[in-house]
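sequence first, then the predicted structure:
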Amino acid sequence: MIVFDLICRDGSHQFEGWFGSSDDYEKQLAAGLIDCPSCGSSAIEKAVMAPNVGVKGNQRTSLPPASSSNRENIEPAQSGVPMTDQSLATTVSIPAEYQELIGKLAKAQTKMLEQSKWVGSDFPEQARAIHYGEKDATPIHGTASADDVTELQDEGIDIMPLPLPVTPPKAQN
Ligand SMILES: [Zn+2]
């Protein structure tokens, strides 16, 4: 079933009509089977829905919405560098010893990655280049999709998931 807001042309009476389909509505309308419940008129049409009033395809102005003199106020977040979500947890109910361990782990990971180069989403490509000897073997870290990870492992490339998420250098500060 489908419901249309209908209106009669004679008295502008609005009412709802239920139909099996849009076609069903067209057929009943063409056959004059739809009557206005207020005045009995069969000059019926679909009422324009309120949220659509005034919204028509080509009414957008081509003028920019604001003056362009404030360019320097544009925030870095709008410059096209995607932000990576951090993984967070509330510390309620996590025993202090684990919090301490995680803290140590975070420090260990940071230490471990000091000699490693952040390559971001280039990781799969760069890991391959190193594996196949196209590039010097330097430690790198970055991001890869689950599919990429599977493919890299299938190719026998040694990679490991980092225990903690890494904030890309660009997103720091
Ligand atoms: Zn009417």
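Cool, the structure landed. Residues are numbered from 1 along each chain as shown.

secondary structure element holding the nearest residue to Lys135 once chain neighbours are set aside?
The spatially closest residue to Lys135, leaving aside those adjacent along the chain, is Ala129, at 4.0 Å (C-beta to C-beta, 6 or more residues apart in numbering). For glycine as for every other residue, the C-beta is placed from the backbone atoms N, C-alpha and C. Assignment of secondary structure by DSSP states H and E places Ala129 within helix 123-131.

just how off-centre is that helix within its chain?
Helix 123-131 sits 28 Å away from the centroid of its parent chain (C-alpha atoms, centre = their mean, to the nearest Å).

cool, stretch 10-20 as well?
Relative to the mean C-alpha coordinate of its chain, stretch 10-20 is positioned 39 Å out (C-alpha atoms, centre = their mean).

over to stretch 5-21?
Taking C-alpha atoms, centre = their mean, the mean C-alpha location of stretch 5-21 is offset from the chain mean by 38 Å.

could you number the chain from 745 rather than 1 from now on?
Yep, numbering from 745; the last one is stretch 749-765 now.

got the buried residues for it?
Buried residues in stretch 749-765, defined by neighbour count with 16 or more other C-beta atoms under 10 Å: 750-752, 757, 759, 761, 763.

show me which residues of the helix or strand of the chain with the lowest mean pLDDT are buried.
Ranked by mean pLDDT, DSSP states H and E, the weakest helix or strand in the chain is helix 840-856, scoring a mean of 88. Judged by neighbour count using 16+ other C-beta under 10 Å, the buried positions of helix 840-856 are Gln853.

same question, stretch 857-874
Of the residues in stretch 857-874, those buried by neighbour count under the rule 16+ other C-beta under 10 Å are 862-864, 867-868, 870-872, 874.
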